[in-house]
Structure formats: C-alpha cells, structure tokens
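Colleague: Below is the sequence, then the predicted model.
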Amino acid sequence: MSNNVKSILNDLEARNSGEPEFLQAVSEVLTSLEPVVERYPKYQEMKVLERLVEPERVIMFRVSWTDDNGEIQVNRGYRVQMNSAIGPYKGGLRFHPSVYLGLLKFLAFEQVIKNSLTTLPMGGAKGGADFDPKGKSDGEVRRFCQAFMTELYRHIGQFTDVPAGDIGVGGREIGFLFGQYKRIANQFTGVLTGKGLNWGGSEIRPEATGYGAVYFAQEMLATRAENLQGKTCLVSGSGNVAQYTVEKLIELGAKPLTMSDSDGFVHDPDGIDTEKLDFVMELKNVRRGRIREYAERFPGASFTPVKDEGFNPLWAIPADCAFPSATQNEINGADARSLVTNGVKLVAEGANMPTTPEGVDRFLEAKLLYGPGKAANAGGVAVSGLEMTQDIEHLSWTREQVDNKLRQIMHAIHTNVRAAAEEYNRPGDYVLGANIAGFVKVADAMVDESTV
Ligand code: NDP
C-alpha cells in the first residue's frame with residue numbers, strides 16, 4: 001500500500017473509530033485507487049481522497065412519535081450528504097435497529113461511486129433511523145414516518161437531495177414520507193423516488209435493483225459465452241431486491257433455489273417458480289410474515305434457521321450462481337470458500353457490500369465472475385434517476401422505455417467497469433474497475449469545481 005493511502009487510512013481510523021463498515025468500504029476503494037492517484041498527481045495535490053472520505057454534511061436528529069399504546073417513543077434519524085460534485089445528493093433511507101452513523105457513512109460512501117457509475121448526474125447520500133418496522137402496525141409506521149420527515153424535509157429537495165427506499169423502507173413508507181413532505185412544504189415535487197405510479201413514480205422502479213443485478217450477471221456471463229438458461233442460483237433475502245432478482249431469473253430460464261430473512265433460509269431443490277414467488281411476495285409485502293412459512297406451504301422445501309456458527313449454510317448449497325441480496329457482510333471468508341469449492345461461477349451482489357474483504361479476496365483469487373454491489377446493484381438508483389427526470393418533465397415513460405434504459409445503463413456500467421480494469425492491467429477485476437471508473441468522474445468534478 002502506498003504511503004499516501006496508508007496515511008489517509010490511519011487518519012481516517014483515528015477520526016472514525018467505532019465505524020468498522022465505513023473503514024472497510026473506504027479501505028477497499030482507496031486501495032483500488034492507488035494506481036490512478038499515482039498516474040494523475042492532480043488528485044493528490046487537490047487532496048481529492050481526503051475530501052472524498054469526509055461527508056459534506058451530516059444531519060442527526062431526534063424522531064419522537066407515539067405508539068399504539070399512547071406511549072412516546074424516541075428514535076434517532078440521520079442523513080449523510082456525502083458528495084454533491086456531480087449532482088444532487090441521492091441515496092436511500094434505511095429503517096433498521098442496526099442503523100447508526102458509521103453504517104450510513106459506509107452506505108453513503110459506496111453510493112457516491114455507484115451513482116457515478118450509472119452515467120447519470122447524481123451525488124451520493126444515505127439516511128435512515130434505528131427504527132424497527134418489524135411488528136409495528138401501519139399506524140405506528142405512519143406516525144414514525146411523519147415524525148421523521150418533519151425534520152428531514154428542511155434538508156432535502158428535488159435539486160438538493162432526493163432520498164429513496166432501502167432496507168425497511170418500501171412503497172408504504174415512501175408514501176407516508178412523501179405525504180408528510182407535501183403537507184409541510186406545500187409542494188408536489190420529485191423529492192423522493194420509489195413513489196407510487198399514480199403520484200409521480202416510475203415504471204420498473206420496484207423491480208430495478210433486482211432486474212439490474214440479473215442484467216449485470218447476463219453481461220458478465222456473456223464474456224465467457226454463457227447465459228443464465230438452466231443455471232441454478234442461490235439468492236439471499238426475501239425483500240425488494242431478492243424478490244425481483246428471483247422474478248427475472250425465472251423469466252430468463254434460471255432456477256433460483258433459495259431465499260432468506262434474518263431468521264433463516266428456505267431451500268427448494270425443485271426451484272422457486274412464479275407461483276411460489278407470488279406466495280413470497282404476498283407473504284412479505286402484504287402479510288409481513290416470515291420466510292419459514294414457505295417451507296410449510298411447499299413441503300418439497302426445507303427451512304434452516306440462522307445459527308451463529310461462523311458460516312452460513314445457505315452458501316454451501318451447490319449452485320452455478322449466487323445473488324446475495326439481504327445485507328452487508330453476509331458472506332464471510334468461509335462462505336466464499338464454500339461457494340468457490342461448490343462450483344459457483346458467478347456472484348452478482350444485489351445487496352451493498354455483502355461480502356467481507358476476506359471473501360472478496362477468495363472470489364478474486366478464484367477468478368470468478370464477481371460483480372460488486374456498487375456496479376451490480378446500481379440499477380435501482382439508475383431508475384430512481386430516471387424517475388427524477390420524468391418528474392421534472394411531468395411525463396411518465398412506458399414500462400418498455402424504462403426497462404430498455406435500465407438494460408442500456410447496466411450494459412454501459414459493465415463496459416466501463418471492464419474497460420477501467422483493463423486500462424489498469426487487471427482485466428476481469430470488476431472490483432478495481434468499478435472503484436476506478438466511479439471515482440474518476442467524481443474526482444475530476446471535484447478538481448474542476450475546486451470547492452476547497
Ligand atoms: P428489504 O427491507 O426489502 O429486504 C431486506 C431483506 O434482507 C429481508 O429479507 C431481511 O430480512 C433481510 N435482512 C435484513 N437485514 C438482515 C440481517 N442483518 N441479517 C439477515 N437478513 C437480513 O430491503 P432491500 O431488498 O431493499 O435491500 C436489500 C439490500 O439491497 C440492502 O443491502 C440494500 O442496501 C441493497 N440495495 C437496495 C436497493 C433498493 O433499491 N431497494 C438498491 C441498492 C441496494 P428480515 O425481514 O428478517 O429483516
């Protein structure tokens with residue numbers, strides 16, 4: 001590692017102790033960027049790396065709301081506005097008990113690089129709260145969302161910062177948040193994406209992250225003259241990203257074998273088909289139930305509860321492809337070894353940073369087709385960008401138009417990432433390629449704008 005990067009990382013660690021996910025994400029990106037910084041001294045002169053790792057603005061706020069028993073509850077809300085060099089801040093909101101500042105800084109940092117890769121003009125941000133929507137009534141979720149937006153509204157805007165969904169924030173929550181924004185700001189603008197179709201949303205936005213991850217997988221397989229037809233696939237998660245990953249895999253003739261939630265995973269050796277996926281969508285999106293019910297409904301499938309054994313048996317099931325689509329660090333070194341040993345040829349990350357650094361090393365050593373989240377899951381924010389354009393035009397594009405644009409964007413990301421990897425003598429290394437291709441556009445804008 002170069003002295004320059006080492007010193008930035010040391011300083012970062014001292015200033016951000018207790019934020020392991022943020023340090024992990026930054027360390028991976030900065031290590032990839034060493035050859036670029038060496039080739040272009042302007043980045044060092046302009047302290048681009050030092051500025052890139054410091055959020056432009058962090059907002060933390062109290063969210064107090066009343067539960068169904070009339071008791072006042074207090075949560076903590078956040079918005080990390082990381083970088084606006086190439087466009088307004090853009091990135092999702094996460095409602096999950098594990099949310100804290102360091103987690104959102106990691107997600108906001110990744111978002112900066114990812115948004116740059118989409119080819120659209122979007123800066124990077126992330127936000128959320130340590131609120132757990134699980135087990136809460138619709139009324140409680142609504143009151144929480146309204147309280148959250150009552151503070152957040154003053155920091156966002158269609159040309160300033162445009163939040164979207166993430167874990168725990170789906171169509172229902174976006175509706176409550178948008179309604180409250182409109183009520184306070186007295187404006188109907190595209191201040192959030194992921195909106196309903198009849199109030200400013202875009203076709204394909206709910207599907208975009210999952211579909212995009214599968215399109216990216218198709219692009220990667222095509223480099224080895226292969227396709228998804230007949231391929232067995234491991235999918236983790238059963239939320240938004242996992243559901244539409246499975247939907248697109250089925251459509252393309254692949255055979256998804258698994259889905260999961262934080263209680264465990266189901267394995268269906270016959271494959272998850274459209275009827276079974278409909279069951280999962282109703283279970284998760286309407287009844288808000290648990291994935292174990294899948295195995296009760298379809299007896300050919302089994303449910304394995306999560307145990308803290310140092311590895312996840314989901315990743316030990318033999319298959320051709322893996323689509324981690326639940327959460328960060330869900331594939332560790334042991335899991336990655338299992339995947340490689342069992343013959344997985346491709347990993348396309350629907351989730352953000354689902355693989356630990358040790359796991360990433362295993363994939364790179366094995367020369368798998370490994371698409372890191374910031375490239376493979378960029379379809380979600382890309383269609384959010386298209387939703388922003390439609391909002392500003394006051395027009396709605398057709399499903400086919402948006403899907404075609406999504407395919408074109410995933411193709412462009414794949415081409416640019418591969419080209420960057422080749423330019424820096426690491427052909428086929430999608431990690432290096434994504435980090436470099438995403439960085440250069442943002443870094444050049446930071447140099448041009450010289451906001452120092
Ligand atoms: P959802 O809330 O819709 O679904 C999340 C899924 O992951 C659920 O099945 C959930 O299970 C599971 N999960 C969450 N936390 C954990 C955990 N700690 N351990 C095990 N399972 C867990 O979220 P999304 O599908 O939107 O997001 C999934 C991933 O994709 C995240 O990493 C997100 O950042 C990323 N992503 C999402 C985008 C989007 O457009 N939505 C865009 C790009 C990336 P349970 O129900 O038990 O909590």
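Modeller: Looks like it arrived, so ask away.

Colleague: Next, count neighbours for Ser325.
Modeller: Residues contacting Ser325 under the criterion other CB atoms under 10 Å number 30. To be clear about C-beta, it is placed using only N, CA and C from the backbone, and glycine gets the same treatment.

Colleague: How about the secondary structure of the residue nearest to it when sequence neighbours are not counted?
Modeller: Distances taken as CB to CB, 6 or more residues apart in numbering place Gly350 nearest to Ser325, at 3.4 Å, with adjacent residues excluded. What DSSP: H, G, I helix; E, B strand; the rest coil gives for Gly350 is coil.

Colleague: Gly350: neighbouring residues, count only.
Modeller: Neighbour tally, Gly350, other CB under 10 Å: 31.

Colleague: quick one: secondary structure of Pro163?
Modeller: Three-state call for Pro163 (three-state DSSP): strand.

Colleague: can you tell me which residues contact it?
Modeller: Each residue near Pro163 by CB atoms under 8 Å, 6 or more residues apart in numbering is listed here: 79, 90-93, 125, 127, 152, 156, 177, 191-193.

Colleague: can you check Arg172 too?
Modeller: Neighbours of Arg172 in contact, by CB under 8 Å, 6+ apart: 138, 141.

Colleague: element containing it, please.
Modeller: Arg172 is part of helix 171-185, with elements assigned from DSSP states H and E.

Colleague: so does that helix get close to the ligand?
Modeller: No. Helix 171-185 lies out of reach of the ligand by CB under 6 Å from any ligand atom, never closer than 9.8 Å.

Colleague: Centre of the chain to that helix, how far?
Modeller: In terms of CA atoms, centre = their mean, to the nearest Å, the centre of helix 171-185 is set 22 Å apart from its chain centre.

Colleague: same question for the helix or strand following it, mean pLDDT?
Modeller: Next in sequence after helix 171-185, counting helices and strands by DSSP H and E, comes helix 205-222. Averaged across helix 205-222, pLDDT comes to 98.

Colleague: could you say what helices and strands whichever helix or strand comes after helix 205-222 packs with?
Modeller: Once the chain leaves helix 205-222, the next helix or strand it forms, by DSSP H and E, is strand 232-235. Strand 232-235 sits against helix 240-251, strand 255-256, strand 258-261, strand 321-323, with contacts defined as 3 or more CB pairs under 8 Å, 6 or more residues apart in numbering; DSSP states H and E.

Colleague: So which of those is the most surrounded?
Modeller: When the helices and strands packed on strand 232-235 are scored by mean count of other CB atoms under 10 Å, the highest mean neighbour count falls to strand 321-323 (a mean of 30).

Colleague: Which positions within the helix holding Arg172 qualify as buried?
Modeller: 171-178, 180-182 (16 or more other CB atoms under 10 Å).

Colleague: What residues of the longest strand anywhere in the chain count as buried?
Modeller: Secondary structure of the chain per DSSP state E: the longest strand is strand 72-83. For strand 72-83, a neighbour-count test (16+ other CB under 10 Å) marks 73, 75, 77-83 as buried.

Colleague: how about the helices and strands packed on strand 232-235 in TSV, adding distance to the ligand and mean pLDDT?
Modeller: TSV is the format used below for those (distance: least, CB to the nearest ligand atom, whole Å; pLDDT from 0 to 100):
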stretch	distance to the ligand	mean pLDDT
helix 240-251	4	98
strand 255-256	14	98
strand 258-261	3	98
strand 321-323	10	98
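
Colleague: in the protein, what residue is nearest the ligand?
Modeller: Here the chain gets closest to the ligand at one residue, Gly239, 1.8 Å apart by CB to the nearest ligand atom.

Colleague: what helix or strand does Gln24 sit in?
Modeller: Following DSSP H and E, the helix or strand that holds Gln24 is helix 20-39.

Colleague: Can you name the next helix or strand after that helix?
Modeller: Scanning forward in sequence from helix 20-39 by DSSP H and E, the next helix or strand is helix 41-45.

Colleague: Rounded mean pLDDT for that next one, please.
Modeller: 95.

Colleague: and that helix, how far out from the chain's middle?
Modeller: Remark: helix 41-45 is offset 30 Å from the chain centroid, using CA atoms, centre = their mean.

Colleague: Quote the end-to-end distance of stretch 281-301.
Modeller: Stretch 281-301 has an end-to-end distance of 17 Å (criterion: CA to CA, to the nearest Å).

Colleague: Helices of the stretch 251-400 of the chain, start to end?
Modeller: Ranges of helices in the stretch 251-400 of the chain, per DSSP state H, counting those that start in this stretch, are 274-281, 292-297, 333-341, 357-365, 373-376, 379-393, 399-423.

Colleague: Reformat the buried residues of strand 72-83 as JSON lines; add distance to Gln401 and pLDDT.
Modeller: Below are these laid out as JSON lines (distance: CB to CB, whole Å; pLDDT from 0 to 100):
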{"residue": "Gln73", "distance to Gln401": "43", "pLDDT": "98"}
{"residue": "Asn75", "distance to Gln401": "39", "pLDDT": "98"}
{"residue": "Gly77", "distance to Gln401": "35", "pLDDT": "98"}
{"residue": "Tyr78", "distance to Gln401": "35", "pLDDT": "98"}
{"residue": "Arg79", "distance to Gln401": "31", "pLDDT": "98"}
{"residue": "Val80", "distance to Gln401": "33", "pLDDT": "98"}
{"residue": "Gln81", "distance to Gln401": "31", "pLDDT": "98"}
{"residue": "Met82", "distance to Gln401": "30", "pLDDT": "98"}
{"residue": "Asn83", "distance to Gln401": "30", "pLDDT": "98"}
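
Colleague: Now for the residues you listed: which two are most distant?
Modeller: Using CB to CB, the two most remote members of the buried residues of strand 72-83 are Gln73 and Asn83, lying 32.8 Å apart.
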